[in-house]
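Asks: need coordinates for the below:
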Amino acid sequence: MGRDVPAIIVSQYDRRRYRDKVRRCLDVFARMLQDARFKEAPQQVGLEIEFYLVDEAGDPCLRGAEVLAAIGDPDWAPELGKFNLEVNLSPRPLAEDALGGLERDLARTVAHADARARGADVRMAMVGILPTLRERDTTEAAMSPNPRYRLLNEQMCAARGEEIEIAIEGPDRLLTHVDSIMPEAACTSVQLHLQVSPESFGNYWNAAQAMAGIQVAVGANSPFLFGRELWRETRIPLFQQATDTRSEELQVQGVRPRVWFGERWITSVFDLFEENLRYFPALLPLMSSDDPVADLANGSTPELAELTLHNGTVYRWNRPVYAVDDGEPHLRVENRVLPAGPTVTDVMANVAF
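Replies: Residues are numbered from 1 along each chain as shown. Alright, predicted model coming up:
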């Protein structure tokens, strides 16, 4: 989902070929589920957290590439905004001291990163939306130079066909129109990954859906955006609106948004990947040379690159994840509801809940 992509021009032919390839991947995935290609393995838990970079006054600082180089740790990666970074903690078995170990890992890596950032006169900040952020901070000039973000922005804006409206009402009212997806970078989150078996996936995903509203309530820390007081957790409407590829007419027709909670319980992880193909056109129709049918036939594990790339552009609050590690496939429930911060203790308390 964080895959780098080349700078390309997408043609109509690319889109048709990509749709056909995703369908083949989905058929192979169904066969893998049916043939029990997933080995029993201990449950593992992993964690991703997005950060703001700020200056001494607490304003966003566009020095992500410089700070990333200073940190010098492959667990850290760029994000959509030049004022964002993300850390990915190594997964560990969900047993005994798993959460305590994650807390120690997080505290250690944040302390290291913050020390390196401070050496460059930058600070690390964990909060769902930085209160000092202004609309002028979220223009396309603040976008990270990675071609993946540029292509994603181009494709989303082309699909929309017009400026994106951000309209949020709380104690104050925000109404603005933007010409890029950059306001999405205002939303920094915690992504919690839980590896589960295919047989139990449906129950875990349904449970994650059932508790999502309570997670928002206990973790809310983002009441301010662009100088206005809005929702207690403004990330929720902002993320949906800033990445909405639907015109006003399509919204009225009931076309589903790409930031999507879902609308039903599931019985299998297949239901979610099948919905992705049925409801959402491709944003990044990039083809690999792999043949998933041949891979399955010769006994190797298919990467299902097109299926997973497409899945990464459907922003479910609880997302299914298919991945291959050391030649073995596995499934994860990725919980994407929680905001970042404001402290390591807060993050881990929300994770434990």
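Asks: isn't Pro183 up against Ile168?
Replies: No: counting by CB atoms under 8 Å, Pro183 does not reach Ile168; the two are 10.7 Å apart. Quick note: C-beta positions are derived from backbone N, CA and C, even for glycine.
Asks: overlap in contacts of those two?
Replies: Both Pro183 and Ile168 are in contact with Leu238, Gln241, where contact means CB atoms under 8 Å, 6 or more residues apart in numbering.
Asks: those two - which one has more neighbours?
Replies: Under the criterion of other CB atoms under 10 Å, the comparison of Pro183 against Ile168 puts Pro183 first, with 26 against 19.
Asks: so the more buried one, which state does it fall into?
Replies: Secondary structure, DSSP: H, G, I helix; E, B strand; the rest coil: Pro183 is helix.
Asks: for it, give its distance to Asp244.
Replies: Distance, Pro183 to Asp244, by CB to CB, to the nearest Å: 11 Å.
Asks: could you do Val269 as well?
Replies: Between Val269 and Asp244 the computed distance is 26 Å (CB to CB).
Asks: also Gln209?
Replies: Distance from Gln209 to Asp244, counting by CB to CB: 21 Å.
Asks: hmm, back to that, shared neighbours, Pro183 and Asp244?
Replies: Counting by CB under 8 Å, 6+ apart, the contacts common to Pro183 and Asp244 are Ile164.
Asks: Asp179: what's it in contact with?
Replies: The contact partners of Asp179, by CB under 8 Å, 6+ apart, come to Glu140, Cys157, Glu163, Ile164.
Asks: now stretch 333-346: mean pLDDT?
Replies: The average pLDDT for stretch 333-346 rounds to 97.
Asks: between the two ends of it, how far is it?
Replies: Using CA to CA, to the nearest Å, the end-to-end distance of stretch 333-346 comes to 21 Å.
Asks: kindly report the same for stretch 324-337.
Replies: In stretch 324-337, first residue to last residue: 24 Å (CA to CA).
Asks: cool, stretch 316-330 as well?
Replies: Counting by CA to CA, you get 19 Å between the two ends of stretch 316-330.
Asks: what's the mean pLDDT across it?
Replies: The average pLDDT within stretch 316-330 is 95.
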